[in-house]
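Chemist: sequence first, then the predicted structure, then my questions.
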There are 2 protein chains.
Amino acid sequence: MELTKQWRDHFKQLRAFDEAISLLYWDMRTQMPEQSAPLRAETIGYLSTEAFKRQTSESFKALLAEMTETEDLTPIELRSVAVAKTQYERNAKIPSSEYQAYVTLVSEAETAWEKAKDQNDWHMFAPYLEKIIGFQRKFADYFGYESHPYDALLYDYEPGMTVDQLDELFRTLRDELVPLIRQLPEPVQGLDWSMDKAVQQRLCEDWMRVVDYDLTRGRLDATVHPFEITINRRDVRITTKYDETDFRNALFGTMHEAGHATYEQQIDSELDELGLGGGASMGIHESQSLFFENFVGRSEAFLKSVYPRLQSEHPQLQNIDFDTFYAGVNEAKPSLIRIEADELTYSLHIIIRYELEKQLIQGDLSVEDLPAAWNALYKEYLGVDVPSDAKGVLQDVHWAGGSFGYFPSYALGLIYAAQLTESLKNEHPDFESLVSTGTFGPIKQWLEDNVHRHGKALTPNELIKQVTGEDISVRPLIRYLTNKYKTN
Amino acid sequence: MELTKQWRDHFKQLRAFDEAISLLYWDMRTQMPEQSAPLRAETIGYLSTEAFKRQTSESFKALLAEMTETEDLTPIELRSVAVAKTQYERNAKIPSSEYQAYVTLVSEAETAWEKAKDQNDWHMFAPYLEKIIGFQRKFADYFGYESHPYDALLYDYEPGMTVDQLDELFRTLRDELVPLIRQLPEPVQGLDWSMDKAVQQRLCEDWMRVVDYDLTRGRLDATVHPFEITINRRDVRITTKYDETDFRNALFGTMHEAGHATYEQQIDSELDELGLGGGASMGIHESQSLFFENFVGRSEAFLKSVYPRLQSEHPQLQNIDFDTFYAGVNEAKPSLIRIEADELTYSLHIIIRYELEKQLIQGDLSVEDLPAAWNALYKEYLGVDVPSDAKGVLQDVHWAGGSFGYFPSYALGLIYAAQLTESLKNEHPDFESLVSTGTFGPIKQWLEDNVHRHGKALTPNELIKQVTGEDISVRPLIRYLTNKYKTN
């Protein structure tokens, strides 16, 4: 068989495994009868192992070596080989016995974390975190790095990003955000955000139509934790959580997931055969969800256009004027919990985590001192007192899952989203009128051409540079937030 | 690794593939967005090929050889090896190039059949059938047989069954059924069976509760063609079709699929690790669906117990007395279409197909003469004139799909169901009161102990003999039908 055909077949096979595993997972969260759980876990575990074996097998190693030496590859094939080679080498650097021990540890750590959070008992979780950090530090050494071990971990989430860059970006952002937050007005009081689940569901479906999320290639279902999942390029599903006490969660959560899904739907399907079918990075992916959620969903243009329908579906809103509603939806205030934070204060939650995990990986901060360090930074940056570890250092699952280097993506998502939105608006100066008239075709087309279709064929840096003409910069985000939240 | 552990691992891996493939299929029929179809087909095809490779690989061949020579196997392990060996040898006997050509042919034949049926044009399909029969005759030779090539094909559906046995069973059954059908009264006229979909759905869910179908290990969804599918032993799903012009389809169809599902739910889960996890045969499986559909669902005891609720949900029934309703549900009359036939005339539809396909495989009937032979038998056995091939020889997909030897299972299902029901009633003389009070625990327990839990650990013959003390016999079915349908 021709070499490049073998290469493409390898990724077509992985795609088939991915489709099966993703569907097994989606079904588990949305449809599966409860007693199915143990066997389902076994099935997902087995197929994931099979897929991983294919990525690390001797025969793939040989194929990769042959491809690396082939001279007449197309640029996209070259990129495919480069990405696969880096991933293969990373996988190969971890001794499999160590990796096995690590996987077991993480699974135990997640259970321990759940209990520790539940019982607000840091010491139930600390020993696990200690060991996880030990592994992560060793992994960083195996992977190799130039100036900071944390750089080696960032690759899994944001290829090419470094501590030096992040330090610079986050310092600037923090210095601008802190004073902006200090001058916020008191939030609007006494608004009632409760709404029946059925009405929320209708409104979510309605908003999906407005933003032209393609339901012939997707679905919307309800789950406890909302997510987007790609079954295949033409089957990208999202879920949302209907909270009857506050409908903003479901509506803006759905917009968020629809942003992720639209990205996935618009990636050039040929890239699947080259292992380049996912998003460019976690940060770029997050930029697309945040674009839909914040830059469209929470914008005045969008909200004004959908408010009459919202009012007619939900009588409680009929006596609320639009400005009050808009202020309520865009309420910003320092808070304790990351996932409940608004777009203004959100980045500070991330910067705190970034600073802490960087020090943990470097060895500059011990697990023992972590809760105090956490609480000090929350006080310093957000001005809030952390009343308990459950609402502080124990709130996120990421560290229990070994995801060191993941958190920065969330803030990078906001930074990228602001940069991309400025470029989009430069090319479509009528952006707001497109949004307010529900004319999403040109917006989706711009995103497809400039961001989505490239998949992993461009690195995050290449993508941002190609679209905006500049490197990554916090200035557009600061302009956006200042413009929206500065009161005088 | 210990040999028997390797053996069990092989089947655990196959089970994982089965779960993935079944879920991909179920999702395709119930949830999948339309544009997903081509990639989904590719994924199912790829994973099915992977699973098949594992069953026919050199390493499995070696494992099988070792297991065959091992002396200290338990009885259930011995049975596992015997079943796997027969299946492996059957697979190995077909040259893979021929099998490949056959798979392609069948896929084209199904498309041709669909068009031919649609356009009532036998000649569009005949050349494909000609070729399929050619393959089937060759396959029978490869598999090997003692007295009749059709015996070799029956194995896939009813292991151990032979033409000699079937000839005897079906001749007796036909001779008893034909006069019974001749004396039927005129069907009740003018009953209106229409019902809203939502009401049908509520009633189906209600009936599932009455017969104690375990929804913590299953689901009920709507599809165009109803089916039961095992995702895993604790996740057995059924579907039904809500026909708003006739609610009997959904209600009794749901009972039918719930019968299949209850069987699957009650198979000893350890058998999955030994490749013995399916039903004993298609016929035994069908006996369980027909037990729920006919021997319970269409019984006076069951219908009387659910009729008040049916009437309260559906005002149209309020002026219909129970006897009229019961007669309407159990209406029997000769007809053209197998899948619409009642329990009395159904077997004759099957016997006609059996006689024809036996002759086709033997070479005693040509494809050219098939429609005329079909029409003659419908006239002879059922007294009906076939107005068109679309409503005659073209009505079923089975032959287009190459399923020669499948049809007899449907009639065997009725025969087995009647035998098993007699045994069940012997042990539970209060059967009717259990049914009428919705006390399904003892009935499900009896089925589990005597039929379900054994999976493929017993052959159909062994199972029937063990439960009833007799070989397969049509007498119980004839007693049941005579008792129910003889008018004087």
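Modeler: That came in fine, so what should we check first?

Chemist: ok, residue A:66 - how many residues close by?
Modeler: By other C-beta atoms under 10 Å in any protein chain shown, the residues close to residue A:66 number 13. Every C-beta, even on glycine, is put in place using the N, C-alpha and C of the backbone.

Chemist: where's it, which helix or strand?
Modeler: Taking DSSP states H and E as the criterion, residue A:66 maps to helix A:58-69.

Chemist: now that helix: mean pLDDT?
Modeler: Helix A:58-69 shows a mean pLDDT of 97.

Chemist: and if you look at stretch A:459-467?
Modeler: Regarding stretch A:459-467, the rounded mean pLDDT is 97.

Chemist: report the buried residues of it.
Modeler: The neighbour-count check on stretch A:459-467 (16 or more other C-beta atoms under 10 Å in any protein chain shown) flags A:459, A:460, A:461, A:463, A:464, A:467 as buried.

Chemist: and these, which of them are in helices?
Modeler: Residues of these located in helices (DSSP state H): A:460, A:461, A:463, A:464, A:467.

Chemist: which of those sits closest to chain B?
Modeler: For these, the closest approach to chain B (C-beta to the nearest C-beta) belongs to residue A:463, at 25.6 Å.

Chemist: how about the residues of chain A near chain B?
Modeler: Selection of chain A residues close to chain B by C-beta under 8 Å from any C-beta of the partner chain yields A:12-13, A:15-17, A:19-21, A:23-24, A:27, A:31-36, A:38-40, A:42-43, A:46-47, A:215-219, A:231-235.

Chemist: helix or strand next in line after the helix holding residue A:66, which one?
Modeler: helix A:75-93.

Chemist: show me the contact partners of that following helix.
Modeler: A:4, A:7, A:11, A:55-56, A:60-61, A:64, A:67-68, A:73, A:142-144, A:155, A:159, A:271, A:274-276, A:456-457 (C-beta atoms under 8 Å, 6 or more residues apart in numbering or on different chains).

Chemist: in the very next helix or strand once past that helix, what counts as buried?
Modeler: Using DSSP H and E, the helix or strand that follows helix A:75-93 in sequence is helix A:96-118. Judged by neighbour count using 16+ other C-beta under 10 Å, the buried positions of helix A:96-118 are A:102, A:105, A:106, A:109, A:112, A:113, A:116, A:117.

Chemist: helix A:96-118 to helix A:75-93, inter-axis angle?
Modeler: Relative orientation of helix A:96-118 and helix A:75-93, computed by axes from the mean of the first three to the mean of the last three C-alpha atoms, to 10 degrees: 80 degrees.

Chemist: from the contact counts, what lies against helix A:96-118?
Modeler: On a contact count with 3 or more C-beta pairs under 8 Å, 6 or more residues apart in numbering or on different chains; DSSP states H and E, helix A:96-118 meets helix A:122-143.

Chemist: what's downstream of the helix it packs on, the next helix or strand?
Modeler: That would be, after helix A:122-143 and using DSSP H and E, helix A:149-154.

Chemist: what's that next one packed up against?
Modeler: Using 3+ C-beta pairs under 8 Å, 6+ apart: helix A:149-154 touches helix A:122-143, helix A:163-182, helix A:346-362.

Chemist: CA atoms of that helix as PDB?
Modeler: Output in PDB follows, covering the C-alpha atoms of helix A:149-154 (Å, rounded to 0.1, in the frame of the first residue of the first chain):
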ATOM      1  CA  PRO A 149       9.500  22.600  33.900                       C
ATOM      2  CA  TYR A 150       6.000  23.900  33.600                       C
ATOM      3  CA  ASP A 151       6.600  24.700  29.900                       C
ATOM      4  CA  ALA A 152       6.800  20.900  29.300                       C
ATOM      5  CA  LEU A 153       3.400  20.400  30.800                       C
ATOM      6  CA  LEU A 154       1.800  23.300  28.900                       C
END
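
Chemist: pLDDT on that helix, on average?
Modeler: 97.

Chemist: and if you look at stretch A:331-344?
Modeler: For stretch A:331-344, the mean pLDDT works out to 95.

Chemist: buried residues of that stretch, list them for me.
Modeler: Within stretch A:331-344, the residues that count as buried by 16+ other C-beta under 10 Å are A:332, A:334, A:335, A:336, A:338, A:341, A:342, A:343, A:344.

Chemist: residues in contact with that stretch?
Modeler: Applying C-beta under 8 Å, 6+ apart, the external contacts of stretch A:331-344 come out as A:177, A:180-181, A:184, A:187-188, A:290, A:294, A:298, A:330, A:345-346, A:348-350, A:353, A:378, A:382-384, A:386-387, A:391-392, A:395-396, A:414, A:481, A:484-485.

Chemist: could you do stretch A:134-145 as well?
Modeler: Residues from elsewhere that reach stretch A:134-145 (C-beta under 8 Å, 6+ apart): A:90, A:93-94, A:98, A:102, A:105, A:149-153, A:155, A:361, A:363, A:402, A:404.

Chemist: which of these lies closest to residue B:242?
Modeler: residue A:402 (47.8 Å; C-beta to C-beta).

Chemist: residue contacts, that closest one?
Modeler: A:102, A:106, A:109, A:132, A:135, A:136.

Chemist: what's the pLDDT at residue A:450?
Modeler: 98.
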